[in-house]
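Visitor: Sharing a model prediction with you, sequence too.
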2 protein chains.
Amino acid sequence: MRALVTGASGFVGRTLLDHLATEGDVVTGLSRATGGPEITDRGAVHAAITGCEVDVIYHLAAQSHVPTAWSNPIDTLRINVEGTQNVLDAAADAPGKPRVLVVTSAEVYGSVTPDELPIHEDAPLRPNNPYAASKVAADAVAQQAWLGRGQDVIRLRAFNHLGPGQSSNFVCSGIAHRIASAERAGTRQIDVGNLNVRRDFSDVRDIVAAYRLVAESGQSGQVYNVCSGNDRSIGDVANGLLALSDADLKLVPHPDLVREVDTPVVRGDNSRIAADTGWQPQISLSTTLADVLADARATR
Amino acid sequence: MRALVTGASGFVGRTLLDHLATEGDVVTGLSRATGGPEITDRGAVHAAITGCEVDVIYHLAAQSHVPTAWSNPIDTLRINVEGTQNVLDAAADAPGKPRVLVVTSAEVYGSVTPDELPIHEDAPLRPNNPYAASKVAADAVAQQAWLGRGQDVIRLRAFNHLGPGQSSNFVCSGIAHRIASAERAGTRQIDVGNLNVRRDFSDVRDIVAAYRLVAESGQSGQVYNVCSGNDRSIGDVANGLLALSDADLKLVPHPDLVREVDTPVVRGDNSRIAADTGWQPQISLSTTLADVLADARATR
């Protein structure tokens, strides 16, 4: 396939580019970081997208940092909502009218109670931070492009993902980097936050494989959860990483890392994407953790 | 109550100001048309709203013309989504932290089939034009202000409303103006579009009465349909207006006015607002039509 990827320099974008190359796809990456257009620059986005002929656009570019969304909700709306509108409108004018995959987030579902699990795509959307609201808005913009003008658009709601190359702001990479530092320094203590919180973790390489399968065989207009269908605790992740180290380390709760969490468990329902595309996660959590720790040891 | 109204010069805004004055409220109207800030000017909106102490903000300012939303989706998103974010953020900083009523539209529900009627607030949102998408986005921004920071916000989804002073771009006022013109000119033919389409019509004066009741006794964080709970056909409206004229007129379908309509019937469920605030529509369709026709005869 011929593909265009926005947000190509991000964690998921880089992993997707690797996967598409492995599949033999011809790929154009758009990234502000490498001189590409700002996603909010409607004219530049239009020129970039209409200037190439592709089968599918993976729209990943986003402002996805929740604290930044709280401090700057307007920029977050512009990047995540107007950016999506710009990409969709350009795709509608582009040669061959490519399919557009709009990637949002499980954050759109907000806080859920255990009796609402697993989270199905038809669950109510209850955004509880400005990042989540911007992703609900992007979801609406993408949905209306399909309902209102029949554009070939698919929405993807990605749950938590892990993998080598992720920022250490995220819990798994953060713990891995602290383990690698402790190994180097010969110290014992690994600071951690809430260990009981349970989330639906997938390896980012499984996530991007799902995206490509959806590009090939997803249903136009549909929305898909991309998730493992299982929940694992942060403690499982932390202890899994710890077990990979020969050093004598211990997990120590640190007040700066412990956050108030109003959703003890998140688990998604992936039956729709499995039925429509045959996707199933392939990479075990232990493999992911080994790769994340190896990556953390190799980078400082 | 002390109230601030955005979009105060619009059809609903003017009617709301009249109603609040009748109720003895102290009202500040913000309107771009009378020198007020653009709702997209975050600093000016912040200054205007934090500069007065009110109990409630009625946020009506919007770009609500669907064809304009198709031709200019970005401005529509800025006015309807960023505008809502600006008002909410200013209200959060304003003295006394006023309640904010965010008015959206039944357009958020999109196309519905007869078996989905009446439309309850928990119905899925299926925006099928860029105006509707912008209102789903505004709904999300308002919802997250409640869920994410506990701000006193209520969302209102208004169904079709009619009344004196409405633009003749809307079907009822349009027919009334054509009747008034025919009466003056002594002609017989009144052009009409689809007469079989059924919508949930309310008098705008009932609608604004609902808004004030919600300001007084609505539940924080809640979303309310504002609708009559009945559906009437465009033919009912047209024939009701025709019956108010002594002239010998006839309705003639005109190809320019007949549109493809994918939702034959819209009817909302108003049980939630009725239960929480006691609101019930008071004005009969025949009274509304008489007032609309009188207004059309008085203006050219």
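Guide: It's in.
Visitor: So for the helix or strand hosting A:Asp291, mean pLDDT?
Guide: Assessed by DSSP states H and E, A:Asp291 sits inside helix A:285-298. Across helix A:285-298, the average pLDDT comes to 96.
Visitor: Show me which positions of it end up buried.
Guide: If you call a residue buried by 16 or more other C-beta atoms under 10 Å in any protein chain shown, then helix A:285-298 has these buried ones: A:285, A:288-293, A:295-297. Every C-beta, even on glycine, is put in place using the N, C-alpha and C of the backbone.
Visitor: Strands of the stretch 201-300 of chain A, residue ranges please.
Guide: Along the stretch 201-300 of chain A, the stretches classed as strands by DSSP state E, counting those that start in this stretch are A:202-203, A:223-226, A:232-233, A:250-253.
Visitor: by contact count, what packs against the second one?
Guide: Right, strand A:223-226. If you count contacts as 3 or more C-beta pairs under 8 Å, 6 or more residues apart in numbering or on different chains; DSSP states H and E, strand A:223-226 packs onto strand A:153-158, helix A:204-217, helix A:271-277.
Visitor: Indicate which one of the ones you listed is closest to chain B.
Guide: Closest to chain B of these, according to C-beta to the nearest C-beta: strand A:153-158, at 11.9 Å.
Visitor: Tell me who's in contact with A:Ala296.
Guide: By C-beta atoms under 8 Å, 6 or more residues apart in numbering or on different chains, the contact set of A:Ala296 is A:168, A:173, A:176-177, A:179-180.
Visitor: Among the residues you listed, which ones are in strands?
Guide: In strands, judged by DSSP state E, none of the contacts of A:Ala296 are found.
Visitor: Nearest to B:Asp269, out of those residues: which one, please.
Guide: A:Ser173 (47.3 Å; C-beta to C-beta).
Visitor: Number of residues surrounding that closest one?
Guide: A:Ser173 is flanked by 23 other residues according to other C-beta atoms under 10 Å in any protein chain shown.
Visitor: Now do the contacts for it.
Guide: A:162, A:166-167, A:292, A:296.
Visitor: likewise A:Ala48?
Guide: Residues in contact with A:Ala48 (C-beta under 8 Å, 6+ apart) are A:30, A:36-37, A:90.
Visitor: For the residue in the stretch 101-250 of chain A positioned nearest to chain B, give its distance to A:Gln143.
Guide: Taking C-beta to the nearest C-beta, chain B has its nearest neighbour within the stretch 101-250 of chain A at A:Ala137, 3.4 Å off. Separation of A:Ala137 from A:Gln143 (C-beta to C-beta, to the nearest Å) stands at 11 Å.
Visitor: Also A:Pro255?
Guide: Note on A:Pro255: its distance to A:Gln143, by C-beta to C-beta, is 42 Å.
Visitor: Neighbour count: these two, which is higher?
Guide: Ranked by neighbour count (other C-beta under 10 Å), A:Pro255 and A:Gln143 place A:Gln143 first, with 24 against 7.
Visitor: Okay, and the more buried one sits in which element?
Guide: Assigned by DSSP H and E, A:Gln143 falls in helix A:130-149.
Visitor: Make TSV from the contacts of A:Ala48 and add neighbour count, distance to A:Gly229 and pLDDT to it.
Guide: TSV is the format used below for the contacts of A:Ala48 (neighbours: other C-beta atoms under 10 Å in any protein chain shown; distance: C-beta to C-beta, whole Å; pLDDT from 0 to 100):
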residue	neighbour count	distance to A:Gly229	pLDDT
A:Leu30	27	32	94
A:Gly36	20	35	88
A:Pro37	20	37	93
A:Ala90	23	34	98
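Visitor: what stretches of the stretch 101-250 of chain A score poorly on pLDDT?
Guide: Counting by pLDDT under 70, the stretch 101-250 of chain A contains no low-confidence segment.
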